[in-house]
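Trainee: The following comprises the amino acid sequence and a computationally predicted model.
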Amino acid sequence: SQKIEQNSEALNIQEGKTATLTCNYTNYSPAYLQWYRQDPGRGPVFLLLIRENEKEKRKERLKVTFDTTLKQSLFHITASQPADSATYLCALRSSGSARQLTFGSGTQLTVLP
Amino acid sequence: DTAVSQTPKYLVTQMGNDKSIKCEQNLGHDTMYWYKQDSKKFLKIMFSYNNKELIINETVPNRFSPKSPDKAHLNLHINSLELGDSAVYFCASSRRAEGTEAFFGQGTRLTVV
């Protein structure tokens, strides 16, 4: 069955360090992968999309990598700040006509001042 | 202007009741979704819908039914509510094209007592 796993439920890091979050998937052949941020009491907000032919994508302090051989995406936040504390979700579209957007379980990141 | 709006934000109701949650998007998107987020924060797809097809996740009880009066609205009807239906329900929308992100509403916290 198709599965999306984010390797840790919670991650605590010190302000200024780089946070690295992992998303692994099985039984998908995604053309692209998305990352979202969710704050408490709010809906997820789109951050970045990376396509299968892109190894790396950057947006300000965010960097995403996509390894279709390892079936893994890494999400990095450099020079992390307490305001980066949130839950981060990766998402893939399932194959076939349905192509529903399916999310991983999320990683709750806390950046400590 | 809010892109995806849901009402109500909070809903408390008794077991056995029938309730509806409304969702509207003003983005001109042709695909809308309903997600359920449980107490463990896992975001699970329930339905995806555009004007041509409704895709129902096989684990969704038939007490749940989406109804779309027009392209900008996808309401969620729930019959005979059960305690286990308590969760946060998110509506989302996207363009159908590949590589497009989803926009989420602020969520409806449903509590069944």
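Mentor: Yep, it's here. Numbering: from 1, shown residues only, chains lettered A, B, ... in the order given.
Trainee: ok, and the helix or strand in the chain with the lowest average confidence?
Mentor: Answering for chain A, as no chain was given. Sorting the helices and strands of chain A by mean pLDDT, DSSP states H and E puts strand A:101-103 at the bottom, at a mean of 88.
Trainee: wait, chain B
Mentor: Between all helices and strands in chain B, the lowest mean by mean pLDDT, DSSP H and E belongs to strand B:54-56, at a mean of 79.
Trainee: which other helices and strands contact the next helix or strand after that one?
Mentor: Next along the chain after strand B:54-56, taking DSSP states H and E as the criterion, comes strand B:64-67. Secondary structure elements in contact with strand B:64-67, counted by 3 or more C-beta pairs under 8 Å, 6 or more residues apart in numbering or on different chains; DSSP states H and E, are strand B:43-50, strand B:75-78. In this view, the C-beta of every residue, glycine as well, is placed from N, C-alpha and C.
Trainee: List the buried residues of the least confident helix or strand of chain B.
Mentor: Buried positions in strand B:54-56, judged by neighbour count with 16 or more other C-beta atoms under 10 Å in any protein chain shown: B:55-56.
Trainee: Report all helices and strands that that strand contacts.
Mentor: strand B:43-50.
Trainee: what about A:S73, distance to A:A19?
Mentor: Applying C-beta to C-beta, to the nearest Å, the value for A:S73 to A:A19 is 14 Å.
Trainee: With neighbour numbers in mind, choose between the two.
Mentor: Using other C-beta atoms under 10 Å in any protein chain shown as the criterion, A:S73 and A:A19 rank with A:S73 on top: 26 against 22.
Trainee: Spatially nearest residue to that one (excluding sequence neighbours)?
Mentor: Spatial nearest neighbour of A:S73, chain neighbours left out: A:C23 (4.5 Å); criterion: C-beta to C-beta, 6 or more residues apart in numbering or on different chains.
Trainee: Give the partner strands of whichever helix or strand the one you found is part of in its sheet and their orientations.
Mentor: If you go by DSSP H and E, A:C23 is part of strand A:19-26. Using DSSP bridges, the strands paired with strand A:19-26 are strand A:3-6 (antiparallel), strand A:72-77 (antiparallel).
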